[in-house]
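Trainee: Predicted model, plus sequence, below.
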Amino acid sequence: GENVEQHPSTLSVQEGDSAVIKCTYSDSASNYFPWYKQELGKRPQLIIDIRSNVGEKKDQRIAVTLNKTAKHFSLHITETQPEDSAVYFCAAETNAGKSTFGDGTTLTVKP
Amino acid sequence: GAGVSQSPRYKVAKRGQDVALRCDPISGHVSLFWYQQALGQGPEFLTYFQNEAQLDKSGLPSDRFFAERPEGSVSTLKIQRTQQEDSAVYLCASSFGGIGETQYFGPGTRLLVL
């Protein structure tokens, strides 16, 4: 089955700095890669996603890159703000609808 | 409109009890997913419905877990003879179409088995 590894598990940055979270996956059948933000005690919320026919996608301060050959994808957050502090999860979904999540990255943005 | 809702939000069960967790997806959403999230970990896939058809149940941990969506809308996840290791947050998500579409998560049901 699919295996998704996410790094780092914790990340602390100063406000205004950039943050990068990386994920690798194993199943070449995976073709949809969403990123979720989950605040403590809350539900996961989609922040950005990318499909396997695209290499990069950007939405304001958030960008995702995908290297399908190497089977890795990354989340980039620029100009971080304290409200970006949360747990971030990557996921890989196959064309059969099954999603596998990473173990999460706890991002802390220090004011 | 209303998002995905789940009930109950919290459930305490004694070991051996049966529990039923309910998910109300966003109206008109075809696909519905159940996940189990242990503390400090990412959600783990349990099962997936498209309308009333259960297309994948490979993530259900044992035959004590059963999910249904008889009319293609509301879904129920049932856990029989609960064990302590079943303690987790159970998340439901729905999406408008099929695969590769945005999943909208519910608030989850936090299950504690004593």
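Mentor: Nice, thanks for sending it over. Residues are numbered from 1 along each chain as shown, chains lettered A, B, ... in the order given.
Trainee: what residue is smack in the middle of chain B?
Mentor: Centroid-nearest residue in chain B: B:Trp34, 3.4 Å away (criterion: C-alpha atoms, centre = their mean).
Trainee: Return the residues in contact with whatever residue of chain A ends up closest to chain B.
Mentor: The nearest approach of chain A to chain B comes at A:Phe101, 3.3 Å away (C-beta to the nearest C-beta). No exception for glycine: its C-beta is placed from N, CA and C like everyone else's. A:Phe101 makes contact with A:Val4, A:Phe89, A:Cys90, A:Ala91, B:Tyr35, B:Gly42, B:Pro43, B:Glu44, according to C-beta atoms under 8 Å, 6 or more residues apart in numbering or on different chains.
Trainee: Please render those as TSV that adds neighbour count to the earlier fields.
Mentor: Below are the contacts of A:Phe101 laid out as TSV (neighbours: other C-beta atoms under 10 Å in any protein chain shown):
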residue	neighbour count
A:Val4	23
A:Phe89	26
A:Cys90	28
A:Ala91	26
B:Tyr35	23
B:Gly42	22
B:Pro43	28
B:Glu44	17
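Trainee: Of the residues you listed, which is the nearest to B:Ser27?
Mentor: B:Tyr35 (20.9 Å; C-beta to C-beta).
Trainee: what are the ranges of the strands in chain B?
Mentor: Secondary structure of chain B (DSSP state E): strands located at B:5-7, B:10-13, B:19-24, B:31-37, B:44-50, B:53-56, B:65-68, B:75-79, B:88-95, B:104-105, B:109-113.
Trainee: can you count the residues close to B:Gly59?
Mentor: Using other C-beta atoms under 10 Å in any protein chain shown, B:Gly59 has 19 neighbouring residues.
Trainee: And B:Gln80, its phi and psi?
Mentor: Main-chain torsions, B:Gln80, degrees, to the nearest 10: phi -100, psi 150.
Trainee: what about it, neighbour count?
Mentor: Applying other C-beta under 10 Å, we find 14 residues neighbouring B:Gln80.
Trainee: Give the full set of residues in contact with the nearest residue to B:Ala20 once chain neighbours are set aside.
Mentor: Nearest residue to B:Ala20, sequence neighbours excluded (C-beta to C-beta, 6 or more residues apart in numbering or on different chains): B:Lys78, at 5.0 Å. B:Lys78 makes contacts with B:Asp18, B:Val19, B:Ala20, B:Leu21, B:Phe65, B:Phe66, B:Ala67, B:Glu68, as judged by C-beta under 8 Å, 6+ apart.
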